[in-house]
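Trainee: Build me a model:
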Amino acid sequence: MILTKCLPLIWLSLLTVCSGRTPYPLTGKGAKGGKLPIQTSRPYNIAHRGSNGEIPEETAAAYLRAIEEGTDFIETDVLSTKDGVLICFHDVILDETTDVASHKKFVDRIRTYEVQGFNITGFFTFDFTLKELKKLRTKQRYSFRDQQYNGKYPIITFEEFITIARDAPRVVGIYPEIKNPVLMNQHVKWSGGKRFEDIVVETLQKYGYGGAYLSKKWLKRPLFIQSFAPSSLVYISNMIDSPKVLLIDDVTVLTEDTNQTYAEITSDVYFNYIKQYVVGIGPWKDTVVPVSNSYIQAPTDLVKRAHAHNLQVHPYTYRNENQFLHFNFSQDPYKEYEYWINEIGVDGLFTDFTGSLHNYQEWTSPLSETSKSPRQLLSQIASLVRPNAKA
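Mentor: You can find the predicted model right below:
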């Protein structure tokens, strides 16, 4: 009888736990007073350009939100300015996600360059100095996302990005992409004949990054280095021993550096070669599981073959909106996570909505063995109530 009277309080407490953000990512101290370590027991939650489903991509605010929401890694695209400073920005042109077009003094900076076989026209990052880029403000890429933060946040440098991760209240990894290295090396020149890739690695080492996957050094400052250009990953392999991930586009697309299709570089023969240099692949989701008329089809054997070569698989990109969710998932991002984690068996997920993935994982596979998930608590409450149902 007492238990029955207390049920409203129990349910209220449970709902508070379920609906609020989990306390794990906000707790800064571990058992010995140091930072809580990065989790390695479940697939990695990778904040794709930060929590950019909520806040404009690749901004400090987007990365801070992702850390607050429980991400394991914050991911960024590394490009260069005219004066050789590394910045966090996805597109080689500024047009889509900044207010550059509203700055009349920059109107004469529009250029057309060949980018991976296509002529692209716009405002290119490498035609602006860092000082000039800092005058711009970012905006949401998609019109159906929250627009209230447009015009508020500047472009950040790669070093500022690293500082965000290092200053986090717990250990948060970084996942930088060596973006468009062929184009960067064509248009930006560094002293001493250094390449774009050299500058990226030197910056990482300046802040203490390095170490083989799961080594003590790596666990202190977790890092994956990613690129669509396999030759860049091979080039840096003797410079830094941090784990590297080869990104995979649609199988018909050509790589920017080796002129191979991604179908060729996902063959077993190529996997045997590239696994000397990388610990995993980061494929486009539809390369793993084909889609027809917005319905997923039977999965390919890509994940199975990659795992057979001891390669991790971190697909991209998971997004909550109906525009991106295939019909099989009934407009439910949790169903999509369930499918990819439990049926496909991926090792990490690039997501625009870090909070959603974190909540799903805390529900299904909570990090603390001593704490019960909401699902387990519901089951326990039900078992306690049943014997007293007639009271």
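Trainee: Which residue ranges of this protein form strands?
Mentor: Assigned by DSSP state E, the strands in the chain fall at 44-47, 73-80, 86-88, 111-115, 118-122, 173-178, 225-227, 244-248, 280-283, 291-292, 295-296, 312-313, 348-351.
Trainee: Including distance to residue 259, could these go into CSV?
Mentor: C-beta: built from backbone N, CA, C; applies to glycine. Below are those laid out as CSV (distance: least, C-beta to C-beta, whole Å):
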stretch, distance to residue 259
strand 44-47, 28
strand 73-80, 22
strand 86-88, 26
strand 111-115, 14
strand 118-122, 14
strand 173-178, 18
strand 225-227, 16
strand 244-248, 16
strand 280-283, 19
strand 291-292, 27
strand 295-296, 30
strand 312-313, 25
strand 348-351, 26
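Trainee: Those: which one's closest to residue 218?
Mentor: Of all the strands of the chain, strand 173-178 sits nearest to residue 218, with 8.9 Å by C-beta to C-beta.
Trainee: tell me the mean pLDDT for that closest one?
Mentor: For strand 173-178, mean pLDDT rounds to 99.
Trainee: circling back: got the strands of the chain as JSON lines, with distance to residue 62 and mean neighbour count columns?
Mentor: Listed next are these as JSON lines, based on distance: least, C-beta to C-beta, whole Å; neighbours: other C-beta atoms under 10 Å:
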{"stretch": "strand 44-47", "distance to residue 62": "8", "mean neighbour count": "27"}
{"stretch": "strand 73-80", "distance to residue 62": "9", "mean neighbour count": "27"}
{"stretch": "strand 86-88", "distance to residue 62": "10", "mean neighbour count": "26"}
{"stretch": "strand 111-115", "distance to residue 62": "25", "mean neighbour count": "14"}
{"stretch": "strand 118-122", "distance to residue 62": "22", "mean neighbour count": "12"}
{"stretch": "strand 173-178", "distance to residue 62": "14", "mean neighbour count": "24"}
{"stretch": "strand 225-227", "distance to residue 62": "18", "mean neighbour count": "27"}
{"stretch": "strand 244-248", "distance to residue 62": "20", "mean neighbour count": "24"}
{"stretch": "strand 280-283", "distance to residue 62": "20", "mean neighbour count": "26"}
{"stretch": "strand 291-292", "distance to residue 62": "27", "mean neighbour count": "10"}
{"stretch": "strand 295-296", "distance to residue 62": "28", "mean neighbour count": "14"}
{"stretch": "strand 312-313", "distance to residue 62": "25", "mean neighbour count": "23"}
{"stretch": "strand 348-351", "distance to residue 62": "12", "mean neighbour count": "26"}
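Trainee: any low-confidence regions in this structure?
Mentor: 1-33, 369-391 (pLDDT under 70).
Trainee: how about the helices in it?
Mentor: When secondary structure is read from DSSP state H, the chain shows helices at 2-19, 60-68, 130-133, 158-166, 181-187, 196-206, 216-220, 230-236, 268-274, 285-288, 302-308, 333-338, 354-364, 374-385.
Trainee: Export the ones you listed to a markdown table and append columns for mean neighbour count and distance to residue 75.
Mentor: A markdown table is the format used below for the helices of the chain (neighbours: other C-beta atoms under 10 Å; distance: least, C-beta to C-beta, whole Å):
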| stretch | mean neighbour count | distance to residue 75 |
| --- | --- | --- |
| helix 2-19 | 11 | 27 |
| helix 60-68 | 23 | 9 |
| helix 130-133 | 17 | 20 |
| helix 158-166 | 19 | 10 |
| helix 181-187 | 19 | 17 |
| helix 196-206 | 19 | 14 |
| helix 216-220 | 15 | 17 |
| helix 230-236 | 21 | 16 |
| helix 268-274 | 14 | 21 |
| helix 285-288 | 20 | 15 |
| helix 302-308 | 17 | 19 |
| helix 333-338 | 19 | 17 |
| helix 354-364 | 22 | 10 |
| helix 374-385 | 13 | 28 |
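Trainee: Using a markdown table, please lay out those together with distance to residue 114.
Mentor: Below are the helices of the chain laid out as a markdown table (distance: least, C-beta to C-beta, whole Å):
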| stretch | distance to residue 114 |
| --- | --- |
| helix 2-19 | 51 |
| helix 60-68 | 31 |
| helix 130-133 | 23 |
| helix 158-166 | 25 |
| helix 181-187 | 9 |
| helix 196-206 | 17 |
| helix 216-220 | 38 |
| helix 230-236 | 19 |
| helix 268-274 | 26 |
| helix 285-288 | 25 |
| helix 302-308 | 30 |
| helix 333-338 | 36 |
| helix 354-364 | 35 |
| helix 374-385 | 53 |
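Trainee: Of the ones you listed, which is nearest residue 262?
Mentor: helix 285-288 (7.1 Å).
Trainee: For the closest one, give me every contacting residue.
Mentor: 248-251, 262, 266, 299-300, 302-303, 313, 315-318, 340, 344 (C-beta atoms under 8 Å, 6 or more residues apart in numbering).
Trainee: roughly how far apart are residue 97 and residue 123?
Mentor: 11 Å (C-beta to C-beta, to the nearest Å).
Trainee: next one: residue 169
Mentor: 37 Å.
Trainee: With residue 364 instead?
Mentor: 44 Å.
Trainee: likewise residue 142?
Mentor: In terms of C-beta to C-beta, residue 142 sits 20 Å off from residue 123.
Trainee: swap in residue 135?
Mentor: 12 Å.
Trainee: got it, and residue 291?
Mentor: In terms of C-beta to C-beta, residue 291 sits 33 Å off from residue 123.
Trainee: ok, the residue nearest to residue 182 when sequence neighbours are not counted - how many residues close by?
Mentor: Closest residue to residue 182 apart from its sequence neighbours, by C-beta to C-beta, 6 or more residues apart in numbering: residue 256 at 5.0 Å. Residue 256 has 20 neighbours, counted by other C-beta atoms under 10 Å.
Trainee: residues in contact with residue 256?
Mentor: By C-beta under 8 Å, 6+ apart, the neighbours of residue 256 are 116, 180, 181, 182, 183, 228, 229.
Trainee: Let's see that with 6 Å instead.
Mentor: Shown in contact with residue 256 (C-beta atoms under 6 Å, 6 or more residues apart in numbering): 116, 182, 229.
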